[in-house]
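Asks: Next one to model:
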Amino acid sequence: MSGRKQITVDSADYRRLQMAEGQLRSMQQNLPEVLNRLMRDNEAELRRRLEPLEQRQREYQQTTQRMRDEVRQVESHMAQRLEEQQRRLRQHIAETAQRLQREVETARQETERMVSDEREARIRHVQTVADQVRHETRDLLAQQADQLTQLIDQERQTRETQIHAIHRRLEAEQHHKDTLARSWIETAQILHDFIDSHYAHQRFAPDQLARLARMIAQAESNLAQGVAEAAVTMAQQAYGSLSDLRLELERLEREWQVWQVRSLEAAREILALAQRNRTCSALDLQGNQLDIMIEVDYWTAGQLSMLEAELGQVIAQIADATTPLTTSELRQIAEATLPALHERLEQTIAQARDAVISSQLRTNIADAVVQTFEEQGFQLQDDTYEGEDQRHGFVAQVAHLDGSKVTVVVTPDGTGQNTLSINSYDAQQRAEDELRARAEAIARALEQRGLQAGAITRVGDQPDPAYARIEEVRERQPVQQPARRTR
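Replies: Numbers count the residues shown, from 1 in each chain. Below is the predicted model of the structure:
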C-alpha cells in the first residue's frame with residue numbers, strides 16, 4: 001500500500017569531524033592583526049587613565065605643605081610612594097603590551113609560511129600569551145593592593161606614635177591646646193576638601209566622607225565650647241580616618257580603572273573577531289579547509305548578528321559614564337560574561353560549518369536514494385531545496401513508467417543528523433512487504449556510501465501531500481529549524 005517511511009541518516013565521517021570539533025570552531029587566521037591593533041589601543045587607553053592618578057599624587061604633595069608639620073612629611077612621603085607605585089604599574093602594562101605585540105608580530109610573519117595545522121597552533125599560542133598578559137596585570141594589581149594595605153598600616157603606626165607624642169606635649173603645655181586644636185582641625189579639613197574635589201568618593205565609599213565631615217564639625221564645636229583637648233582628639237581621629245580613606249580610594253579607583261579597560265579590551269577583541277569572521281572557509285568531511293567561503297550569519301539564521309548586538313550592548317554598558325558599573329560587576333563581565341560570549345562565537349562558526357556540511361550530506365543522501373530507485377526502473381524528474389534555501393530540506397522526485405511517483409525528502413532534525421522520508425504516490429496499491437523491501441534496499445545503498453541508516457519507521461498510511469508537487473516545494477517558504485546554541 002502507499003504511504004510514508006522515515007529513516008534517520010548519519011555519516012561516519014561527519015561524526016568524526018564533530019568529535020574533532022576544533023576544526024569546526026577555528027576562526028579565520030586574522031587574530032594576530034586584530035590583537036596587535038587592540039593591544040596598542042588598549043595600552044594607550046590604560047596609560048591615559050593611570051597618568052592622572054600620578055598627577056593627583058603630585059598635587060597632593062603640594063597640598064600637604066599647608067598641613068601640620070607632624071603630618072606633612074608622612075603624607076608627602078606617602079604620596080611619593082603612591083606615585084612611584086602607579087608609575088611602575090603603568091610601565092609594567094606598557095612593557096607587557098609591547099611584549100605581546102612582538103609575539104603577535106612574530107606570529108603574523110610565521111603564519112604566512114605555515115600550513116594550516118601549524119598556523120592554528122601558533123594562533124592558539126598568541127591567544128595564550130594574551131591571556132597570560134591579562135593574568136600578569138591582575139596579579140600585579142593584587143600585589144600592589146597588598147602593598148598599599150601595608151603602607152596604610154605603616155602610616156597608621158607612624159601616625160599613632162606622633163599622636164601619643166603630641167598628647168604628652170599637650171599635658172606639658174596646656175596653654176598651647178587651643179592653637180593645637182585649631183591646627184589639627186585645619187589639617188583634617190584640608191584633607192577632607194582634597195578628597196572631596198579629587199576622588200569619586202560617593203561611588204567607591206558612599207557616605208564615608210560625610211561621616212568624617214561631621215567629626216570635623218564636632219571638633220570645631222568642642223573647641224568653640226572651650227573643650228580644646230576633646231577637640232584635638234576628635235580632629236586627630238578625623239584626620240587619621242581621612243588619610244585612610246584617601247588611600248583606600250586610591251586603591252579602589254585604580255582597581256576599577258584597570259578592570260574597566262581590561263573588560264573593554266576583551267569585549268572589543270571578541271567583537272572584532274566576530275566582524276572579521278562573518279565569512280569563513282568551508283570544510284570537507286575530513287576537516288580540510290576548502291576554497292569556498294560561507295556566510296556565517298546566513299548559515300546560523302542570524303546568530304552572529306545577535307552575538308554582535310549583545311557584544312555592542314556589553315561594550316556600551318562597560319563604557320557608560322552616567323551609570324558606571326561597580327568593580328565587582330566589571331570583574332563578572334571580564335571573568336564570566338565575555339568568556340561565555342567568546343565560546344558562543346566559536347560555537348557559531350562551528351554551527352555555520354556544521355550546517356554547510358549537513359546541507360551537502362542531504363544532497364548525497366538524496367542522490368544515493370535516487371540511484372536506488374533508478375535501479376528499480378524510476379527516473380529522476382526534479383530536485384530542489386525547500387524554498388531554494390540550502391539550509392533546509394532537500395527534495396528529489398522520481399517517477400516510473402507505470403505512473404508511480406516517489407518524493408524523497410531529506411531534512412535536518414536540528415541535532416546535526418538528517419531524516420530521510422520516502423513518500424510513495426503509487427498509481428497502484430503496493431504490498432507492505434514490497435515497500436519495506438524498497439526501504440531496506442535504500443538503507444543498504446546508504447550504508448555502502450558511508451551513511452549509516454537507523455531503523456525504518458512507518459509514519460503514516462498516506463504520503464505527505466505537501467511534497468506531491470515539487471514546483472510548490474521550490475516556491476514555498478520552508479519552516480525555519482531552530483538554531484542550536486550549543487553543540
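Asks: going forward, measure contacts between C-alpha atoms and count neighbours the same way
Replies: Noted.
Asks: List the backbone torsions phi and psi for residue 357.
Replies: phi -60, psi -40 (degrees, to the nearest 10).
Asks: For it, grab the count of nearby residues.
Replies: By the measure other C-alpha atoms under 10 Å, the count of residues near residue 357 is 17.
Asks: Per-residue pLDDT of it, please?
Replies: You'll see residue 357 listed with a pLDDT of 84.
Asks: cool, the one 10 residues further on as well?
Replies: In this prediction, residue 367 carries a pLDDT score of 89.
Asks: In three-state terms, label it for me.
Replies: Following DSSP: H, G, I helix; E, B strand; the rest coil, we place residue 367 in the helix state.
Asks: what number of residues lie near it?
Replies: Residues near residue 367, counting by other C-alpha under 10 Å: 17.
Asks: Let me know the secondary structure of residue 291.
Replies: When classified by three-state DSSP, residue 291 comes out as strand.
Asks: And it, how far from residue 273?
Replies: To residue 273, residue 291 is 20 Å away according to C-alpha to C-alpha, to the nearest Å.
Asks: Also residue 399?
Replies: To residue 273, residue 399 is 49 Å away according to C-alpha to C-alpha.
Asks: Check residue 403 too.
Replies: For residue 403, the distance to residue 273 equals 55 Å [C-alpha to C-alpha].
Asks: quick one: which of these two has more around it?
Replies: Just comparing residue 403 and residue 273: by other C-alpha under 10 Å the higher neighbour count belongs to residue 273, 22 against 11.
Asks: Now do the more buried one, the pLDDT please.
Replies: According to the prediction, residue 273 has pLDDT 86.
Asks: now residue 417
Replies: Note for residue 417: predicted pLDDT of 75.
Asks: for the stretch 151-300 of the chain, which spans come out with low pLDDT?
Replies: Scanning the stretch 151-300 of the chain for pLDDT under 70 picks out the ranges 151-152, 155-156, 159, 162-163, 166-175, 285-287.
Asks: mind listing the strands for it?
Replies: Ranges of strands within the stretch 151-300 of the chain are 279-283, 289-295, based on DSSP state E, counting those that start in this stretch.
Asks: The shortest one pairs with which strands, and in what direction?
Replies: Strand 279-283 sits in its sheet next to strand 289-295 (antiparallel), going by DSSP bridges.
Asks: Which residue ranges of the stretch 201-350 of the chain form helices?
Replies: Along the stretch 201-350 of the chain, counting by DSSP state H, counting those that start in this stretch, helices occupy 201-204, 208-224, 228-276, 296-299, 303-319, 327-332, 338-374.
Asks: quick revisit: dump the strands of the stretch 151-300 of the chain to TSV, plus distance to residue 259 and mean neighbour count.
Replies: Output for the strands of the stretch 151-300 of the chain, formatted as TSV (distance: least, C-alpha to C-alpha, whole Å; neighbours: other C-alpha atoms under 10 Å):
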stretch	distance to residue 259	mean neighbour count
strand 279-283	32	21
strand 289-295	34	14
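Asks: Just tell me which of those strands ends up closest to residue 325.
Replies: Residue 325 lies closest to strand 279-283 among the strands of the stretch 151-300 of the chain, at 34.0 Å (C-alpha to C-alpha).
Asks: what angle sits between that closest one and helix 338-374?
Replies: For strand 279-283 against helix 338-374, the angle by axes from the mean of the first three to the mean of the last three C-alpha atoms, to 10 degrees is 40 degrees.
Asks: List of residues touching strand 279-283?
Replies: Strand 279-283 is contacted from outside by 24, 27-28, 289-296, 349, 353, 356-357, using C-alpha atoms under 8 Å, 6 or more residues apart in numbering.
Asks: Could you single out the nearest of those residues to residue 470?
Replies: residue 356 (22.8 Å).
Asks: Tell me who's in contact with the most centrally placed residue in the chain.
Replies: Geometric centre of the chain, nearest residue: residue 338, 1.9 Å, by C-alpha atoms, centre = their mean. Contacts were defined as C-alpha under 8 Å, 6+ apart; by that measure residue 338 touches 266, 267.
Asks: Could you check how far it is from residue 164?
Replies: Per C-alpha to C-alpha, residue 338 is found 52 Å from residue 164.
Asks: swap in residue 389?
Replies: 85 Å.
Asks: Next: residue 371.
Replies: In terms of C-alpha to C-alpha, residue 371 sits 101 Å off from residue 164.
Asks: Kindly report the same for residue 273.
Replies: 61 Å.
Asks: repeat for residue 356
Replies: Taken as C-alpha to C-alpha, the span from residue 356 to residue 164 is 79 Å.
Asks: can you pull up the bridge partners for residue 420?
Replies: Beta-bridge partners of residue 420, as defined by DSSP bridges: residue 7, residue 410.
Asks: shouldn't it be in contact with residue 407?
Replies: No - contact criterion C-alpha atoms under 8 Å: residue 420 and residue 407 do not qualify, at 10.5 Å.
Asks: Neighbour count for the two, which is higher?
Replies: Set side by side, residue 420 and residue 407 show more neighbours around residue 407, with 28 against 25, by other C-alpha under 10 Å.
Asks: ok so, going back, mind checking which of residue 356 and residue 164 has more residues around it?
Replies: Ranked by neighbour count (other C-alpha under 10 Å), residue 356 and residue 164 place residue 356 first, with 22 against 11.
Asks: thinking that one is in contact with residue 299, fair?
Replies: Yes - the criterion here is C-alpha under 8 Å, and residue 356 meets it with residue 299 at 7.2 Å.
Asks: okay, and the common contacts of the two?
Replies: Contacts common to residue 356 and residue 299, judged by C-alpha under 8 Å, 6+ apart, are residue 391.
Asks: Distance check, the residue lying closest to residue 220 once chain neighbours are set aside against residue 242.
Replies: Sequence neighbours aside, residue 231 is the residue nearest to residue 220 in space, at 6.6 Å (criterion: C-alpha to C-alpha, 6 or more residues apart in numbering). Here the criterion is C-alpha to C-alpha. By it, residue 231 lies 16 Å from residue 242.
Asks: again with residue 477
Replies: Taking C-alpha to C-alpha, one finds residue 477 at 70 Å from residue 242.
Asks: re earlier: take the helices of the stretch 201-350 of the chain and lay them out in a markdown table including distance to residue 462.
Replies: Formatted as a markdown table, those follow (distance: least, C-alpha to C-alpha, whole Å):
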| stretch | distance to residue 462 |
| --- | --- |
| helix 201-204 | 70 |
| helix 208-224 | 79 |
| helix 228-276 | 47 |
| helix 296-299 | 33 |
| helix 303-319 | 37 |
| helix 327-332 | 56 |
| helix 338-374 | 19 |
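Asks: Let me see the contact set for residue 359.
Replies: Residues near residue 359 by C-alpha under 8 Å, 6+ apart: 390, 391, 392.
Asks: Recalculate using a threshold of 10 Å.
Replies: 353, 385, 389, 390, 391, 392, 393, 394, 410, 411, 412, 418 (C-alpha atoms under 10 Å, 6 or more residues apart in numbering).
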